[in-house]
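1. I'd like to go over a predicted model; first the sequence, then the structure.
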Amino acid sequence: MTLVHQNQHPNEESIPAPPPAFVPEEEEEEHHSVLTDSHSTSSTDTTDLLLTTSPLRSRSRTHSSSSSDSILKSNSQNRRKTRSMYSSAVLWVRTWRPWMPWLGFLAYMIYRCTIRGGGGPRRNLLQDLVQLLTFLDESVSQTMTTLVRLTVGKSNEGECHTMEKWIQSSVTEAGNLLQDGLALLALIGLTRLIYGAYHGCQNWSRVQSQLIATVFDWLERHVAAVHQQVQDQTDETIQNANEMLRKSPDRCLTLQLPAQGRSSQQVLLELQTAAQTEHETWSCGKLSGTVYHNPSAAHNQLLDQVYSAYAWCNPLHPGVWPKVGQCEGEVISMTGHLLHAPRRGRATTTDHDHDDHDDVDDEEEDPEPDTGAIGCITSGGTESILLAIRAHLQYYGKRRGIAAHQAELICGSTAHAAVDKACDLYGIRKIVIDCNCPNRGYQLDPIAVRQKITSRTIMIYASAPCYPQGVIDPIGELSDLAQEYDIGLHVDACLGGFVLPFCQSDDDDISVPAFDFRHAGVTSMSADTHKYGYASKGTSVVLYRHEALRHGQYFCYPHWTGGLYTTPTLAGSRAGALSACAWAAMVSIGYEGYRQRALTIVRAARLLAAGVAAIPELQVLTETPYMLVCFGAANEADDDDESSFCIYRVQDMMKNRGWALNAMQSPASIHMCVTLNVAPKVSEFLCDLQEAVSQAREEGSSGRKKGTAGIYGTVGSVPAGAVEPTLRAFTDMTLAP
């Protein structure tokens, strides 16, 4: 754990403190009970004096307390022993996994070669092989002679009988070998069936949904009536979604190259006219997320000039633009410093370092220079997650003999959809923990995660915070699990990476639990510089605990005829100007600038959440807001209740007032992602929200087929196989001019 003194500047290099000593659970419980007793003595002195006047009562209380403590201690030891046995079994199976197929085959061959087969004259495999070789040795010459005689027509009945006998014996031996192979395949299939049934029983709702989707997909492709019904439903949904794209029917389209190029003035006029209209959409402060910085002329001008300076830069050719490579390394290092990522030594101070480093003892010299944190710049949060999962697949999967189609990743149902994309690309099996539990605050449950860990698990995925409800998963407990089972733990801080680190000072009224590399089990993290890092769109940072894990994300191909080829990310060519903009944004804002912005965001989010909670018809789902405030209807929509309303209709009513919120599902809810543009308009938002709720309540159940409510109502009423055509059709619309 890294400790920072209160009088230490937040940008000063934190000195790692030694990890706390491990305390066994029974000692920890006893220590806790002693502390509890010591704290409660003052309030129970009188009661204790009265009890001690009666020896019988005192003896009874002592006996009851000691027996209760012994039972609790025994139960704790049993649970710990069970967990230890299970984790040991998982680690043992994973250690021997690369050798298990060969050991199993060897054991089966020994069994077949030494133990006779049951029923009938069948011998063991060794005797079958010996007889087969004997037949081959004795019959080769006879077979050749017989074939010659058969050819010239001089064969007799005895020679034909010998040939027939040899063929029958050969077929018999081949059949025995085939049975052995089928037995092995059946054994492997049975093992996989049992393993799949185990996970199926644990995730029956998901399995059921997949089965229904598979059947529906087959019906949609082979039954004309079903296909037509899906098409009609898709057309109806697309009509409701068409308003979202805001494409003018009067727009001028350029569908092929003009014969003569346009002038620069004409090109700029067309783009600037559209940009001005679109700028008003987000700069008014009524848009959830999307654009995180306020329309500051100075900041925008800086990024424009930096992009113009490196508009032609491609980091695929690092020798041509070395400064951009330095900028990328510094962005990674600065982000890693915020998230307490391990560093490879300490750098000498430069002109943009702080003078607080002078407090460090000059006599202590590091053996190697600081080359920053271990990470990479990517095109966004999705690519950061894709690369982190690929790195874990290589390091914790293939290195241990776990094939991609066998590797398992554990995440919550609130995990970003990029996890599903990664599992689909790499063939990883995703084990989902249902987080739709208000009692747990929609967090990922560590107890459920423990139950899902197997010898095939390569990593756990957690969020800080998650996108739907904006809650931080219990990173500390998940870190302990990752260490216990020696698996990876990725923390997705794409939203919180540039907000949460600035809200941990004791001087502030906002506290944040440790969520980063201070937990030893965290192996990778992702943070978006183009969100609350206030950089131009298209940059994110993925960080790793050590270089061997980062090497897993690389693609290296030495056999290409075009030369030696290697890239650190999924893309080959990249826009180096975006990396330069990320560097410019970070060094221009600085620690104090980020801190003030972060406090503004968090305080505005909590003020907004308090206002939503004051509306009786709504309930806040985000227990401790940082930048996201998620809320839903206090009572579920009921078709029989005319006064009930759908929360998605509230979103539509807010849209009519100029607000653009995000719709969530499972549970049905909407959220507002607070940005620097939104923060000054919290009071206006709450007033409009109160009016929107009243309007939706007056409309009642009649509005559940309209607008967003109609879209999500349709999605929730049909299988996943019927929703995908709608999503594909919507994507087609976004790609059309």
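-> Looks like it arrived, so ask away. Numbers count the residues shown, from 1 in each chain.
2. can you pull the contacts of residue 573?
-> 314, 316 (CB atoms under 8 Å, 6 or more residues apart in numbering). (C-beta placed from N, C-alpha, C; glycine too.)
3. How about the secondary structure of it?
-> What DSSP: H, G, I helix; E, B strand; the rest coil gives for residue 573 is coil.
4. go on, residue 494?
-> Put simply, residue 494 is coil when judged by three-state DSSP.
5. thought it was touching residue 528?
-> Yes. Between residue 494 and residue 528 there is a contact under CB atoms under 8 Å: 4.3 Å.
6. and for these two, which residues touch both?
-> Here residue 494 and residue 528 have 381, 384, 540 as joint contacts, going by CB under 8 Å, 6+ apart.
7. Pull the contacting residues for the last one.
-> Residue 540 sits next to 377-381, 383-384, 494, 526-530 when contact means CB under 8 Å, 6+ apart.
8. quick one: which of the shared contacts of residue 494 and residue 528 sit in helices?
-> Using DSSP state H, 381, 384 are the members of the shared contacts of residue 494 and residue 528 that sit in helices.
9. out of the contacts of residue 540, which one sits closest to residue 438?
-> Taking CB to CB as the measure, residue 438 lies nearest residue 494 of those, at 24.5 Å.
10. what's the distance between the closest one and residue 676?
-> For residue 494, the distance to residue 676 equals 18 Å [CB to CB, to the nearest Å].
11. likewise residue 523?
-> When CB to CB is the yardstick, residue 523 and residue 676 sit 32 Å from each other.
12. Of these two, which one has the most company?
-> Each of residue 523 and residue 676 has its neighbours counted (other CB atoms under 10 Å); residue 523 has more, 26 against 19.
13. From what I see, the more buried one and residue 545 are in contact.
-> Yes. Using CB under 8 Å, residue 523 is in contact with residue 545, at 4.9 Å.
14. all helices for the stretch 601-737 of the chain, in order.
-> Using DSSP state H, counting those that start in this stretch, the helices of the stretch 601-737 of the chain run over 647-656, 682-699, 707-717, 720-735.
15. Just the buried residues of the first one, please?
-> Of the residues in helix 647-656, those with enough neighbours to count as buried (16 or more other CB atoms under 10 Å) are 647-655.
16. For the residues you listed, work out which two are farthest apart.
-> Largest separation among the buried residues of helix 647-656 by CB to CB: 647 and 655, giving 13.2 Å.
17. tell me which helix or strand of this protein sits lowest on mean pLDDT?
-> Lowest by mean pLDDT, DSSP states H and E among the helices and strands of the chain is helix 45-52, with a mean of 35.
18. Could you find the closest non-adjacent residue to residue 555?
-> Computed as CB to CB, 6 or more residues apart in numbering, the closest residue to residue 555 that is not its neighbour in sequence is residue 567, at 5.3 Å.
19. quick one, what contacts that neighbour?
-> Counting by CB under 8 Å, 6+ apart, residue 567 touches 316, 554-555.
20. With respect to residue 216, which of the buried residues of helix 647-656 is nearest?
-> Out of those, the member with the shortest distance to residue 216 (by CB to CB) is residue 648, at 23.9 Å.
21. Now that that closest one has come up, it's in contact with residue 665, right?
-> No. In this structure residue 648 lies outside contact range of residue 665 using CB under 8 Å: 9.4 Å.
22. What segments of the stretch 501-650 of the chain are strands?
-> Using DSSP state E, counting those that start in this stretch, the strands found in the stretch 501-650 of the chain span residues 524-527, 540-544, 555-557, 565-567, 618-620, 628-633.
23. Redo those strands as CSV? Include mean pLDDT and distance to residue 305.
-> Formatted as CSV, these follow (pLDDT from 0 to 100; distance: least, CB to CB, whole Å):
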stretch, mean pLDDT, distance to residue 305
strand 524-527, 97, 25
strand 540-544, 97, 23
strand 555-557, 94, 33
strand 565-567, 92, 29
strand 618-620, 94, 42
strand 628-633, 95, 33
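24. would you turn those into TSV with distance to residue 412?
-> What follows is the strands of the stretch 501-650 of the chain, written out as TSV (distance: least, CB to CB, whole Å):
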stretch	distance to residue 412
strand 524-527	16
strand 540-544	20
strand 555-557	29
strand 565-567	31
strand 618-620	20
strand 628-633	15
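25. closest to residue 88 out of the ones you listed?
-> Across the strands of the stretch 501-650 of the chain, residue 88 has its closest neighbour in strand 524-527 (26.0 Å, CB to CB).
26. which strands and helices sit next to the closest one?
-> Judged by 3 or more CB pairs under 8 Å, 6 or more residues apart in numbering; DSSP states H and E, strand 524-527 is in contact with helix 381-392, strand 488-492, strand 540-544.
27. From residue 439, how far off is residue 256?
-> 59 Å.
28. That should have said residue 373, apologies.
-> 37 Å.
29. Tell me which of these two has more neighbours.
-> Of the pair residue 373 and residue 439, residue 373 is the one with more neighbours under other CB under 10 Å, namely 26 against 5.
30. who's in contact with that one?
-> Counting by CB under 8 Å, 6+ apart, residue 373 makes contact with 332-333, 335-337, 341-343, 543.
31. Now it, what are its backbone angles?
-> phi -80, psi 170 (degrees, to the nearest 10).
32. which non-adjacent residue is nearest it?
-> Spatially, and ignoring its direct neighbours in sequence, residue 373 is nearest to residue 336 (2.4 Å; CB to CB, 6+ apart).
33. Now do the same for the one you found: its pLDDT.
-> Here, the pLDDT recorded for residue 336 equals 96.
34. so how far is residue 375 from it?
-> Taking CB to CB, one finds residue 336 at 6 Å from residue 375.
35. and what of residue 563?
-> To residue 375, residue 563 is 27 Å away according to CB to CB.
36. Any regions of the stretch 401-550 of the chain where pLDDT drops low?
-> By pLDDT under 70, the weakly predicted segments of the stretch 401-550 of the chain are 505-509.
37. Out of the contacts of residue 567, which is nearest to residue 224?
-> Nearest to residue 224, judged by CB to CB, of those is residue 555 at 44.7 Å.
38. Looks like the closest one contacts residue 571 (just checking).
-> No. Applying CB under 8 Å as the test, residue 555 and residue 571 come out as separate, 10.4 Å apart.
39. Next up, the contacts around the closest residue to residue 680 other than its chain neighbours.
-> Counting by CB to CB, 6+ apart, residue 680 lies nearest to residue 285, which is 6.5 Å off, once chain neighbours are set aside. Contacts of residue 285 were listed using CB under 8 Å, 6+ apart, and they are 675, 677-678, 680-681.
40. helix or strand for residue 226, which one?
-> helix 224-245 (DSSP states H and E).
41. between that helix and helix 720-735, how big is the angle?
-> Helix 224-245 and helix 720-735 are oriented at 40 degrees to each other (axes from the mean of the first three to the mean of the last three CA atoms, to 10 degrees).
42. Alpha carbons of helix 224-245, as CSV, please.
-> What follows is helix 224-245, C-alpha atoms only, in CSV (Å, rounded to 0.1, in the frame of the first residue of the first chain):
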residue,chain,number,x,y,z
ALA,A,224,-41.4,-16.9,-43.3
ALA,A,225,-44.1,-15.8,-40.9
VAL,A,226,-41.6,-15.3,-38.1
HIS,A,227,-39.2,-13.5,-40.3
GLN,A,228,-42.0,-11.1,-41.5
GLN,A,229,-43.0,-10.4,-37.9
VAL,A,230,-39.4,-9.6,-36.9
GLN,A,231,-39.1,-7.3,-39.9
ASP,A,232,-42.3,-5.4,-39.1
GLN,A,233,-41.2,-5.0,-35.5
THR,A,234,-37.7,-3.8,-36.6
ASP,A,235,-39.3,-1.2,-39.0
GLU,A,236,-41.5,0.1,-36.2
THR,A,237,-38.6,0.4,-33.8
ILE,A,238,-36.4,2.1,-36.3
GLN,A,239,-39.1,4.7,-36.9
ASN,A,240,-38.9,5.6,-33.2
ALA,A,241,-35.1,5.6,-33.3
ASN,A,242,-34.8,7.7,-36.4
GLU,A,243,-35.3,10.9,-34.5
MET,A,244,-32.1,10.2,-32.5
LEU,A,245,-29.9,10.6,-35.6
